[in-house]
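>>> Sequence unavailable; structure follows:
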């Protein structure tokens, strides 16, 4: 039996994670859930601790993590998000952020051209380096002489392994995205690691784009992409663009992985969405697709494929929440998917 740590989190997180758990239960895969429903903003506001060491060890000892969302407008400090999500990513060395984007139905695409709608790509984002490490500082904070410094950190080890992972999963091509024409040193390191990996994988096509050009191509013809690999901040932005052209952020799934250890943290991309929390209109598709990534990585490939098919069928039938054009509430949208399993 595989133990899965579940952190429902904040906002709509508990609503969509409930549907993901019900769907996994329907598949009868022998999963056991260890639910940490106290890891949320309420606990942080009361205690000042986002994720205590005891809870972190429960996560570490499990097989994988299913996370709903982290974020609450009552928390003014970045310490909360860093103490949960970034702590898990950094301390468990979940260096791969794996974000697939595949259009579920033509009517969901904001793109006008029919030929540009068949989006089916993966954005691979380096997850433990870049601008999100917290390296940097501030001099004279709060004054008109303030100097703020954020360090965009890249290492050979981190860059080489993320580029190698991208080539290992590519079906036909890897597109490496950087801004080496303006960011000389980090860009140069990414360029060298990319060329070395391309030489080791002559069976895969390879190309390079600057991040501004990649963003333009993502909104004009995203069908040209197979796998994109890039750094933490560029990947954060490009993966959200990919989600938007593939039907909306409510359908976006992601996995934070350490492939060598076989450990992953799986979460919908949409965040806590406090403006719709408690209204029972949150879209559960991103959470359920994230659960599908989880079981696929556990080796339940047929069940994961069946889950994706059930979601596509429900979306095609219009049995969705309002953001996808339907009229169902969160539970109803989850039931529509489960009815097709």
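Looks like it came in fine. As the structure is a computational prediction, the values presented were derived from the model and not from experiment.
>>> where's residue 191, which helix or strand?
Secondary-structure assignment from DSSP states H and E places residue 191 in helix 184-200.
>>> does residue 265 have beta-bridge partners, and which?
When bridges are assigned using DSSP bridges, the partners listed for residue 265 are residue 65, residue 256.
>>> Who are the contact partners of it?
The neighbourhood of residue 265, defined by CB atoms under 8 Å, 6 or more residues apart in numbering, consists of 64, 65, 67, 88, 89, 92, 94, 255, 256, 257. C-betas here are computed from N, CA, C, even on glycine.
>>> okay, now the last one: neighbour count?
Using other CB atoms under 10 Å, the number of residues around residue 257 comes to 25.
>>> Quick check: the residue nearest in space to the middle of the chain vs residue 262, distance?
The centroid of the chain falls nearest to residue 254 when counting by CA atoms, centre = their mean (2.9 Å). When distances are taken as CB to CB, to the nearest Å, residue 254 and residue 262 turn out to be 17 Å apart.
>>> can you tell me which residues contact the residue nearest to the centre of the chain?
Residue 254 touches 97, 98, 99, 239, 266, 267, 268, 269, 290, 293, counting by CB under 8 Å, 6+ apart.
>>> ok, the first one - contacts?
By that I understand residue 97. By CB under 8 Å, 6+ apart, the contact list for residue 97 reads 123, 124, 125, 126, 127, 232, 235, 239, 254, 255, 256, 257.
>>> Isn't residue 93 up against residue 126?
No. Proximity of residue 93 to residue 126 does not meet the contact threshold set by CB atoms under 8 Å, at 11.9 Å.
>>> Counting neighbours, go ahead and name the busier of those two.
For the pair residue 93 and residue 126, the greater number of neighbours falls to residue 126 (27 against 15), based on other CB under 10 Å.
>>> Kindly reformat the contacts of residue 254 as TSV containing pLDDT, secondary structure and distance to residue 175.
What follows is these, written out as TSV (pLDDT from 0 to 100; DSSP: H, G, I helix; E, B strand; the rest coil; distance: CB to CB, whole Å):
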residue	pLDDT	secondary structure	distance to residue 175
97	97	strand	16
98	98	strand	15
99	97	strand	14
239	95	helix	13
266	98	strand	24
267	97	strand	24
268	96	strand	25
269	93	coil	20
290	98	helix	24
293	98	helix	21
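>>> Which strand residues bridge residue 123?
When assigned by DSSP bridges, residue 123 has beta-bridge partners residue 99, residue 228.
>>> Verify the stated contact: residue 136 with residue 147.
No. Because the distance of 10.3 Å does not satisfy CB under 8 Å, residue 136 is recorded as not touching residue 147.
>>> Lowest mean pLDDT among the helices and strands of this protein, which one is it?
Taking mean pLDDT, DSSP states H and E as the measure, the helix or strand of the chain with the lowest value is helix 79-81, at a mean of 90.
>>> can you give me the helices for the stretch 151-300 of the chain?
Read by DSSP state H, counting those that start in this stretch, the stretch 151-300 of the chain holds these helices, from start to end of the chain: 156-169, 184-200, 211-220, 232-245, 285-297.
>>> And these: which comes nearest residue 37?
When the helices of the stretch 151-300 of the chain are ranked by distance to residue 37, counting by CB to CB, first place goes to helix 285-297 at 15.0 Å.
>>> And the next helix or strand past that closest one?
Sequence-wise, the next helix or strand downstream of helix 285-297 (DSSP H and E) is helix 301-316.
>>> So which other helices or strands are in contact with that following helix?
When contacts are defined as 3 or more CB pairs under 8 Å, 6 or more residues apart in numbering; DSSP states H and E, helix 301-316 sits against helix 13-27, helix 285-297, helix 330-338.
>>> where does the stretch 1-150 of the chain have low pLDDT?
The model of the stretch 1-150 of the chain has no residue with pLDDT under 70.
>>> what's the most buried one of the helices of the stretch 151-300 of the chain?
Mean neighbour count, computed with mean count of other CB atoms under 10 Å, is highest for helix 285-297 among the helices of the stretch 151-300 of the chain, reaching a mean of 26.
>>> any idea how far that helix is from the chain center?
What separates the centre of helix 285-297 from the centre of its chain is 11 Å, taken as CA atoms, centre = their mean, to the nearest Å.
>>> Determine the angle, from 0 to 180 degrees, between that helix and helix 301-316.
Computed with axes from the mean of the first three to the mean of the last three CA atoms, to 10 degrees, the direction of helix 285-297 lies at 160 degrees from that of helix 301-316.
>>> and for stretch 310-325, what are the contacting residues?
Around stretch 310-325, the neighbours that count as contacts under CB under 8 Å, 6+ apart are 104-105, 107-108, 247-248, 250-251, 281-285, 288-289, 292, 326, 328-330, 332-333, 336-341.
>>> could you redo the last one with a cut-off of 6 Å?
Where contact means CB atoms under 6 Å, 6 or more residues apart in numbering, the residues beyond stretch 310-325 that reach it are 104-105, 250, 281, 283, 285, 326, 328, 333, 336-337, 340-341.
>>> Can you list the buried residues in that stretch?
Buried residues in stretch 310-325, counting neighbours by 16 or more other CB atoms under 10 Å, are found at 310, 311, 312, 313, 314, 315, 319, 320, 321, 323, 324.
>>> do stretch 12-27 as well
12-24, 26-27.
>>> Go through the residues you listed and name the one nearest residue 113.
residue 16 (31.5 Å).
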